[in-house]
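fold the following for me, if possible:
(2 chains)
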There are 2 protein chains.
Amino acid sequence: MITGTDISFFFDPGSIAVVGASPTPGKPSHIILENLKIIGFKGTTYPVNPKYSYIGDLKCYSSLTEIKDNIDVAIFVIPASKVLETLKEADNLKGAIIVSGGFKEVGDEGRKLEEELKKVIERKGIRVLGPNCLGVYDTISSVDTFFVTGEKVERPKKGGLSILTQSGSFALMIMDEMAKDDIGVARVVSYGNMVDVSESDCLDFLADDVATKVVVLYIESVDDGRKFVDAASRCAKKKPVVAVKVGKRETGVHAARSHTGAVSGRYEIYRAAFKKAGIIEVDGYEGLKDACKVLNSYTPVEGKKVLIITDGGGVGVSMADTCEDMGLEVTGLTEDTRKRLRSKLPVISATGNPIDLTGSVTDEDYVTALEEGFRDGYDLAIVTTLWAPPELTEGLVDKLKGVMEICNKPLIICSPGGKFARRMSKVFEEMGMPVFFTPESAARAAAVLTGCKR
Amino acid sequence: MITGTDISFFFDPGSIAVVGASPTPGKPSHIILENLKIIGFKGTTYPVNPKYSYIGDLKCYSSLTEIKDNIDVAIFVIPASKVLETLKEADNLKGAIIVSGGFKEVGDEGRKLEEELKKVIERKGIRVLGPNCLGVYDTISSVDTFFVTGEKVERPKKGGLSILTQSGSFALMIMDEMAKDDIGVARVVSYGNMVDVSESDCLDFLADDVATKVVVLYIESVDDGRKFVDAASRCAKKKPVVAVKVGKRETGVHAARSHTGAVSGRYEIYRAAFKKAGIIEVDGYEGLKDACKVLNSYTPVEGKKVLIITDGGGVGVSMADTCEDMGLEVTGLTEDTRKRLRSKLPVISATGNPIDLTGSVTDEDYVTALEEGFRDGYDLAIVTTLWAPPELTEGLVDKLKGVMEICNKPLIICSPGGKFARRMSKVFEEMGMPVFFTPESAARAAAVLTGCKR
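Alright, predicted model coming up:
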């Protein structure tokens, strides 16, 4: 019997069986065994393959039934055609991760196979992630069922982001990217075709998961719209939930169908559902990346009023354009504030929004601009730092951190350019201030915090 | 008398005077003297400052008139208020780069000063870049008048891109970025307030400049629309011209005004002018960066039909969405081609557009997909390479290069992710194939080559 919505054992299994385990390095099943070792899985690992009696130093079982233990999660790394019979035999399984492809994503025959699979697992009460998925990467309970080596795709450190995705390749891309940017994750779930466990089940789990601070969703399709809105709403009340919907256009829709067998449906319906659930929607991969970065450091704000501060006029203009495009409010400063700014900043500065401190800028001018600007009720600021101005020093980072703590508003740093800018961005990030490398990227991050969607 | 449109001497000066030259390291005028040395300027450099008799090993002159030589370019690094009298005295000047700010970008008083400046230079026949600009960075004639050190902003190597920009900060950002990405430039001109030399004059020069293969424009405003369209049309007939227009929205327009004193006007007018002139318009800084990268390797194509090949379904879907958003045509494959593909690719592959080779992909599958796909008349291909699939090897790069040479169509590589992907991107780029790190970025690059504008 399917045990309701309790899927928490996937995120804290006591035992894992790898069905189709191979002793050959490079084989997916072997990579999974290795990855479980590397991440330090604390439970028992059972390789299953009638051909071997040992794999490495692990005893290998001829079948699931031979294992005299209850198995929390069996990972199936065998051809689709063999999954069903193996499942039918097993009577000691709580859950399965079916990595194998060859189900509804490959057409009619696969669809039939998947329907049969659905019946079998319902009858036996086995909860299933997949098929056509990677499973779970979990830094909290030290589980890694992804059949890709860390050399090819780096694993991010422990942190507060949890990622739910229909697409395995998307999971890999974003994990690799998070590792590169030194952003930590809690749980990453690649759930593929969703024969059983859906994004809604995962959302239900993550809503109550204290380790998860932010939820990131990659969605091609949702099976049960009402269930999704309910689960997402409950989750979004407790923590920020960000989503990207792909398969918006006709070709994208077709591509999605042959990918996870999903009928991705009309985009407008998804958009309305996201809004209803309180989900922050972002555009594409870039939008999602920026969302992960900014929500890793800041929580969303109430309003949409953004203060733009720059020391390069051109970037300021470009930033103002982009922010307005995204629905942020680039409202002007009050006359009082402008007066105070004029008395405190060099005459050459422009005291609009953006405040352009020009190439004559000093570290202290940024502080002045922020302190005075924030008096006008802005919800957050985008601070562009071009490093060419000769008076600007590394001390700026400390000063901005200080202002941020006093004003208690998020500062989104935009630091485009090359080597010097990248070096300074490390200094910012060590202080917990995320840095974005283009005006567009900074504006996207601001849009996420204010709940705007282009 | 202003010598018509001949401004070529700015890009090949025999002599340069630095007015307001300082021996103090870190001062803008001193940085300029240093940068001229570093780039290896081959003409004569004349420091001018009544306070010194030598600066380093260069004789320093008390005034321009004291120099008994005709001066091609005098760089003014003195307060705005002193520029006019110095110019009035000089009678041996062909051109000037007025770095100084404090003209029309600071309001009414500055505007008056700039009008007076205009009269003086017209009367004396001196061609002027600026005021409120950085001047010229030129790898062909070895000139660097930018008052920023190479430590803060790296200089790109010699190459075929020439960049024209009203915004100095934009010039710095993009130069730094090009240096980071190892893309070469020919001439970079920061022309600021345009009291005399305009983007149109520069376009006229670049149209006939054999060193310039691609022209990149950052535009806040254009003074003479007809002249601009004429010059740009002539240039665009000879080489690709890309433009980004900033100051589109009201706040952006305001910001532009207080930046270079420009009235940036209605965006729609610019858009129509770009179209008329055959300019490829791009969006923002990201659009410009991607354009520089892709045009550094490829020339534009005739049509808009893009073939998408991927080994990750999710990225494929996302790519298809983005390409359609940008106006590219993601047309399906013919039934014949699909048949041939089905007979040659693993059964799990999806033979639509995108062609999804899945995680079972081999190097050779990419070749098959491209060779067969291109039979259907696509103008270019976006090839996404996720490196997780175990059969994929570094040899793929060579193979793709080979296909590209045979098919004679541009391949835009999209390789998102972390360390491994970045390492592979170096291998691609060494083979002359530009790599883009997000689906959006790859789609923007494809849009540039096909002349699409979101």
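
burial count for the residue nearest to residue A:208 when sequence neighbours are not counted?
Leaving out its chain neighbours, the residue that sits closest to residue A:208 by CB to CB, 6 or more residues apart in numbering or on different chains is residue A:238, at 7.9 Å. For the C-beta atoms, the positions are set from N, CA and C on the backbone; glycine is no exception. Residue A:238: 15 surrounding residues under other CB atoms under 10 Å in any protein chain shown.

pretty sure residue A:238 is touching residue A:207, no?
Yes - the pair residue A:238 and residue A:207 passes the contact test of CB atoms under 8 Å, sitting 5.5 Å apart.

ok, the nearest residue to residue A:417 once chain neighbours are set aside - contacts?
Nearest residue to residue A:417, sequence neighbours excluded (CB to CB, 6+ apart): residue B:176, at 3.8 Å. Residues near residue B:176 by CB atoms under 8 Å, 6 or more residues apart in numbering or on different chains: A:416-421, B:153-154.

so which of those residues is the most crowded?
With neighbours set by other CB under 10 Å, the maximum within the contacts of residue B:176 is found at residue A:416, which has 31 neighbours.

the residue nearest to residue A:417: what secondary structure?
In three-state terms, and counting by DSSP: H, G, I helix; E, B strand; the rest coil, residue B:176 is helix.

distance check, it against residue A:428.
To residue A:428, residue B:176 is 17 Å away according to CB to CB, to the nearest Å.

same question for residue A:400.
In terms of CB to CB, residue A:400 sits 8 Å off from residue A:428.

who's more crowded, the two?
residue A:400 (23 against 20).

and that one, what does it touch?
Residue A:400 is in contact with A:366-367, A:370, A:383, A:411, A:413, A:428, A:433, counting by CB under 8 Å, 6+ apart.

can you give me phi and psi for it?
When quoted as degrees, to the nearest 10, the phi and psi of residue A:400 stand at phi -70, psi -40.

cool, the one 10 residues further on as well?
Main-chain dihedrals, residue A:410, degrees, to the nearest 10: phi -70, psi 140.

residues in contact with it?
So residue A:410 contacts A:294, A:297-298, A:301, A:380-381, A:404, A:449 (CB under 8 Å, 6+ apart).

and the longest helix for chain A?
Longest helix of chain A, by residue count under DSSP state H: helix A:108-124.

and it, what does it pack onto?
On a contact count with 3 or more CB pairs under 8 Å, 6 or more residues apart in numbering or on different chains; DSSP states H and E, helix A:108-124 meets helix A:80-89, strand A:93-98, strand A:127-129.

swap the cut-off to 7 Å and go again
Contact here means 3 or more CB pairs under 7 Å, 6 or more residues apart in numbering or on different chains; DSSP states H and E; on that basis helix A:108-124 packs against helix A:80-89.

so does the helix it packs on get close to chain B?
No - using CB under 7 Å from any CB of the partner chain, helix A:80-89 never reaches chain B; the gap is at least 9.7 Å.

same check, this time on stretch A:423-442
Yes - under the criterion of CB under 7 Å from any CB, stretch A:423-442 makes contact with chain B via A:438-440.

quick check: buried residues in that stretch?
By neighbour count on 16 or more other CB atoms under 10 Å in any protein chain shown, the buried set for stretch A:423-442 is A:424-425, A:428-429, A:433-442.

same deal with stretch A:132-143?
Applying 16+ other CB under 10 Å to stretch A:132-143 flags A:132-141, A:143 as buried.

what does it contact?
Defining contact as CB atoms under 7 Å, 6 or more residues apart in numbering or on different chains, one finds that stretch A:132-143 is touched by A:10-13, A:39-42, A:75, A:97, A:99, A:101, A:103, A:105, A:129, A:144-147, A:155, A:157-158, A:168, A:171, A:175, A:185-193, A:211, A:260.
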